[in-house]
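1. okay, sequence plus prediction incoming.
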Amino acid sequence: MKKEGLQRALTGAGIGVLVTFLISLHTIPETTPVKEVFVIYTSGLIVGALAFWFLNWEFRASPAAYVGGLLAIFAITAVSKVSDVTMTKVFIVILLSVAMLGVSPPTGVLDTLLSGPAYFGGALTALAVEGVLDMLKSLDTMVGTVFVGVTGTIAAFFTTAILLLISTRSRKPKP
């Protein structure tokens, strides 16, 4: 039961950060200090995690997508510290972060629908942490992280959708 609760909390954390991000786009002034924005995002993360913790739903792909988005952004930032961020490296990071979803196939349609937003929530969480730690210094790093977040979100959704279709198709009885 604890594993399922953690999976729900990770999914909720991703959705909570994403919702907070969307709300903050329209309500928070651009001059707000990064540390205040980080506190707001962290609050959304906690509220989302707690809200999903108490749901009686099962998630497998969405929590993996959240962790994948989180790790992908940290990976691009780490790569930028030791070499140039090229499109090849960016796509390798996206591929590796989405490959995690092959190990955690979706439990159903809701899990599939939430995997993309959860990935983006993970990317936003990593960007918020890196923003507070002042790790986003070069333009290549900033562009790479945004590209990874957006492209990875699309890839995560389509990967889980394909996995759901494959698993559903194999369960149908043959005539």
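-> Thanks, I have it.

2. so what does the longest helix seen in the chain touch, helix or strand wise?
-> The residue-count maximum for a helix in the chain (DSSP state H) belongs to helix 139-171. Judged by 3 or more C-beta pairs under 8 Å, 6 or more residues apart in numbering; DSSP states H and E, helix 139-171 is in contact with helix 61-82, helix 87-103, helix 109-132. To be clear about C-beta, it is placed using only N, CA and C from the backbone, and glycine gets the same treatment.

3. to V37, which of those helices lies closest?
-> When those are compared by C-beta to C-beta, helix 109-132 sits nearest V37, at 7.0 Å.

4. ok, and the closest non-adjacent residue to M135?
-> Among residues not flanking M135 along the chain, T77 sits closest, at 5.5 Å (C-beta to C-beta, 6 or more residues apart in numbering).

5. same question for A51.
-> Here the residue nearest A51, using C-beta to C-beta, 6+ apart, is G12, at 5.5 Å.

6. need the pLDDT of that neighbour.
-> At G12, the model reports a pLDDT of 93.

7. tally of neighbours for it?
-> G12 has 28 neighbours, counted by other C-beta atoms under 10 Å.

8. fine by me, thanks again.
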